[in-house]
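Novice: Generate a structure from the sequence data that follows.
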Amino acid sequence: MNQTLRQFGLVLLAIVLTIGVLFAFYPRFILIVLTLLELISILLSIYILLKKTAVTSVKIAWVLTLYCVPFVGLFLYLFFGRSKLKSNAVQRKEQEELVQYVQTLHQVKVDPLNNLQMKNERLSAKAVTGGNQFEVLTDGEETFEMIFSALNDAHDHIHLFYFIIKEDEVADQLRKILIRKASEGVQVRFAVDGLGSLKLSDSYLDSLKAAGIEVAVFNPIRSFYHISRVNWRNHRKVIVIDGKIGFAGGLNVGNEYLGITPKFSHWRDTHLKITGPLVNQLQETFLYDWLYMKNTSGSASQFMSETYFSDAAVGSDEGQVVYGGPYDSERVVRDVLFNMIDSAKEKISIASPYFVPDDELLALLRRAARNGIQVEIIIPGKGDRKLSYYGNDYYIESLLSAGIHVYKYDDTAFIHCKVMIVDDQIATIGSTNFDIRSFDINHEISVILYSGQAIQTLVTNFNTDRSNAKQITEHELLQRTTWQRIKAKLSGLFAPLL
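Specialist: Numbering: from 1, shown residues only. Below you'll find the predicted structure:
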């Protein structure tokens, strides 16, 4: 996969050199080309404004980019601007057969459903399932210890998908475990996102394949031609072991998730371990992506077996797995989270590393606060990406003016968890950030917890995180320098494109 980066660099260098030569020897020709590109940019900006499906803030960001830097903006839009992805006929058929099979499985149904559960079932077409046990994992050390232990105990199969796997000590430990389990006869299916894990070496993947592990890459970027796929990211992090144990949440694989990084003193994240019937929905999520990546007729039939699914109740916790992406006509994950916000009676607590809301989310949170509901949001005090970090700041003034409490986490550390708690009674953990990319472009997953001790653990963790954060006041906003204000406003305009 590193070869792709070299190809991209070489193509980019060739383009720059060609433009330089043409400008040196044929300056008039270059002026004609630049004029033509500017005209195309103008026409493209009109098309973007007329698009019905695009989020307003995204439209504005693209139009500004096209007008301010026409050549660069046109290049970026052609490769990164498209936000819809469709499965082909074979993929859709296999995915639909899988979903229909999972719906026929026995489930520990919750009866009667409350109003929110009924709404979320209708929106997502995923049943609220009882008989589970949820366990919250609050940092990298606890998460990897639990995951590696479960992998070591696998008997039948391991299904693993990650957005990012960084080739370091943690990734090497994971690789060794998977190779050993494959040698013991365990079926191992390993998948990563084509962009998030672009730097993962061919030798790493080849070592897995040599051990008999099935390897797949979601929308691989194998050449400069495939760069148009870069906007369609699969941001999910899912592990299913023997159809009985599942993991999902915010952590990818790498040393930085253990806090081993010179940039941050600590990496604060949240993951979830699931046992019980709800693992079936997590299994469906992995296999849905796997069938897309394999793109082979008849590939779903091998998974329609009790081997991959279990209905054994292990506890009393109730939950639901919702997933979605640009292949959906509706934004399922976003709408389920919106239902949760709209159901709040007393309090909404959100922790997110990237808080770049669309107009609807911003209006929904502001309305909740103005209705007297306590809304608290924790964002990073130090960012891992400057544009996203300053983009968070863009919305603070609007949040504070509605009475929302905004906290910035420890400015030597990084908070990466994606958690929302409503009335201290329901919660969500997953890969979904509270930003436009997660809601509209990425493939995401969120686990909704409707009952169980895990929710109280999340409440405790949120209160601890808030105590390690600094509340932002309107007075502090007034003390910002002119340059800080400019950075926040510019980042807020362009952050929706990330």
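
Novice: Could you find the closest non-adjacent residue to the most centrally placed residue in the chain?
Specialist: Centroid-nearest residue in the chain: residue 235, 3.7 Å away (criterion: C-alpha atoms, centre = their mean). Residue nearest to residue 235 in three dimensions, not counting chain neighbours: residue 442, with 4.3 Å by C-beta to C-beta, 6 or more residues apart in numbering. For glycine as for every other residue, the C-beta is placed from the backbone atoms N, C-alpha and C.

Novice: again, but for residue 155
Specialist: residue 242 (5.8 Å).

Novice: so what's that neighbour up against?
Specialist: For residue 242, the contacting residues are 154, 155, 156, 157, by C-beta atoms under 8 Å, 6 or more residues apart in numbering.

Novice: let's see 10 Å
Specialist: 150, 153-159, 186-187, 279, 307-308, 310 (C-beta atoms under 10 Å, 6 or more residues apart in numbering).

Novice: Show me just the buried residues among these.
Specialist: Listed as buried from these are 150, 154, 157, 158, 159, 186, 187, 279, 308, 310; burial here means 16 or more other C-beta atoms under 10 Å.

Novice: any idea how far residue 429 is from the third one?
Specialist: When C-beta to C-beta, to the nearest Å is the yardstick, residue 157 and residue 429 sit 24 Å from each other.

Novice: try the fifth one
Specialist: To residue 429, residue 159 is 19 Å away according to C-beta to C-beta.

Novice: and the residue nearest to residue 235, what pLDDT?
Specialist: Looking at residue 442, its pLDDT stands at 89.

Novice: what about it, neighbour count?
Specialist: As a burial measure, residue 442 scores 26 neighbours (other C-beta atoms under 10 Å).

Novice: Is it correct that it is in contact with residue 231?
Specialist: Yes: the pair residue 442 / residue 231 is scored as a contact, 9.4 Å apart, by C-beta atoms under 10 Å.

Novice: low-scoring stretches of the stretch 201-350 of the chain, by residue?
Specialist: 222-229 (pLDDT under 70).

Novice: Could you rerun that using 80?
Specialist: 221-232, 326-329 (pLDDT under 80).

Novice: for it, what spans make up the helices?
Specialist: Counting by DSSP state H, counting those that start in this stretch, the stretch 201-350 of the chain has helices at residues 202-210, 279-294, 332-342.

Novice: Please convert these to JSON lines, extending it with distance to residue 318.
Specialist: Listed next are the helices of the stretch 201-350 of the chain as JSON lines, based on distance: least, C-beta to C-beta, whole Å:
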{"stretch": "helix 202-210", "distance to residue 318": "36"}
{"stretch": "helix 279-294", "distance to residue 318": "13"}
{"stretch": "helix 332-342", "distance to residue 318": "14"}
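
Novice: which of the ones you listed is buried the deepest?
Specialist: Ranked by mean neighbour count, the helices of the stretch 201-350 of the chain are led by helix 279-294 with a mean of 24 (mean count of other C-beta atoms under 10 Å).

Novice: which one's the longest strand in this protein?
Specialist: strand 129-139 (DSSP state E).

Novice: From the chain's centre, how far out is that strand? Work that out for me.
Specialist: Chain-centre distance of strand 129-139: 20 Å, with C-alpha atoms, centre = their mean, to the nearest Å.

Novice: got the CA coordinates for that strand in PDB?
Specialist: Provided in PDB are the C-alpha atoms of strand 129-139 (Å, rounded to 0.1, in the frame of the first residue of the first chain):
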ATOM      1  CA  THR A 129     -32.300  -6.800  21.700                       C
ATOM      2  CA  GLY A 130     -32.100  -8.000  25.300                       C
ATOM      3  CA  GLY A 131     -30.100 -10.700  27.000                       C
ATOM      4  CA  ASN A 132     -26.700  -9.000  26.600                       C
ATOM      5  CA  GLN A 133     -23.800  -7.900  28.800                       C
ATOM      6  CA  PHE A 134     -21.900  -4.700  28.000                       C
ATOM      7  CA  GLU A 135     -18.500  -3.700  29.400                       C
ATOM      8  CA  VAL A 136     -17.100  -0.300  28.900                       C
ATOM      9  CA  LEU A 137     -13.300  -0.100  28.200                       C
ATOM     10  CA  THR A 138     -12.000   3.300  29.100                       C
ATOM     11  CA  ASP A 139      -8.500   3.500  27.700                       C
END
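
Novice: for it, what is the average pLDDT?
Specialist: The predicted model gives strand 129-139 an average pLDDT of 97.

Novice: tell me which residues of the next helix or strand along the chain from it are tucked away?
Specialist: Counting by DSSP states H and E, the next helix or strand C-terminal to strand 129-139 is helix 140-152. Buried residues in helix 140-152, counted by 16+ other C-beta under 10 Å: 140, 143, 144, 146, 147, 150, 151.

Novice: Quick check: the fourth one touching residue 274?
Specialist: Think residue 146. No: assessed by C-beta under 10 Å, residue 146 is found out of contact with residue 274, at 11.6 Å.

Novice: Quickly list what's touching both of these two.
Specialist: Jointly contacting residue 146 and residue 274 under the rule C-beta under 10 Å, 6+ apart are 135, 245, 247.

Novice: Adding distance to residue 167 and neighbour count, write those residues out as a markdown table.
Specialist: A markdown table is the format used below for these (distance: C-beta to C-beta, whole Å; neighbours: other C-beta atoms under 10 Å):
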| residue | distance to residue 167 | neighbour count |
| --- | --- | --- |
| 135 | 29 | 17 |
| 245 | 26 | 23 |
| 247 | 21 | 24 |
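
Novice: where do the strands sit along the stretch 301-450 of the chain?
Specialist: For the stretch 301-450 of the chain, the strands defined by DSSP state E, counting those that start in this stretch cover 317-324, 347-351, 355-356, 374-379, 405-409, 414-415, 419-422, 426-430, 434-435, 444-449.

Novice: Would you tell me what the next helix or strand after the last one is?
Specialist: So that's strand 444-449. From strand 444-449, the next helix or strand downstream (DSSP H and E) is helix 453-467.

Novice: So for that next one, what gets flagged as buried?
Specialist: The neighbour-count check on helix 453-467 (16+ other C-beta under 10 Å) flags 454, 455, 457, 458, 459, 461, 462, 465, 466 as buried.

Novice: Likewise for stretch 413-426?
Specialist: By neighbour count with 16+ other C-beta under 10 Å, stretch 413-426 contains the buried residues 413-423, 425-426.

Novice: Out of those residues, flag the one nearest to residue 108.
Specialist: Checking the buried residues of stretch 413-426 against residue 108 by C-beta to C-beta gives residue 426 as the nearest, at 18.2 Å.

Novice: Tell me how many other residues surround the nearest residue to the closest one once chain neighbours are set aside.
Specialist: In this structure, residue 426 finds its nearest non-sequential neighbour in residue 450, 5.5 Å apart by C-beta to C-beta, 6+ apart. Using other C-beta under 10 Å, residue 450 has 21 neighbouring residues.

Novice: Let the chain start at 7 from now.
Specialist: That works, and once the first residue is 7, the last one we named lands at residue 456.

Novice: Please give me every residue in contact with residue 456.
Specialist: Contact analysis of residue 456 by C-beta under 10 Å, 6+ apart lists 116, 119-120, 122-123, 126, 134-136, 323-326, 431-433.

Novice: of those residues, buried ones?
Specialist: Buried members of the contacts of residue 456, scored by 16+ other C-beta under 10 Å, are 116, 119, 122-123, 126, 134-136, 323-326, 431-433.

Novice: Could you pull up the residues touching residue 467?
Specialist: The neighbours of residue 467, taking C-beta under 10 Å, 6+ apart as the test, are 142, 144, 145, 274, 276, 357, 423, 425, 427.

Novice: do residue 152 as well
Specialist: Contact partners of residue 152, counting by C-beta under 10 Å, 6+ apart, are 141, 143, 251, 253, 277, 279.

Novice: Out of these, flag the one nearest to residue 443.
Specialist: residue 277 (20.7 Å).
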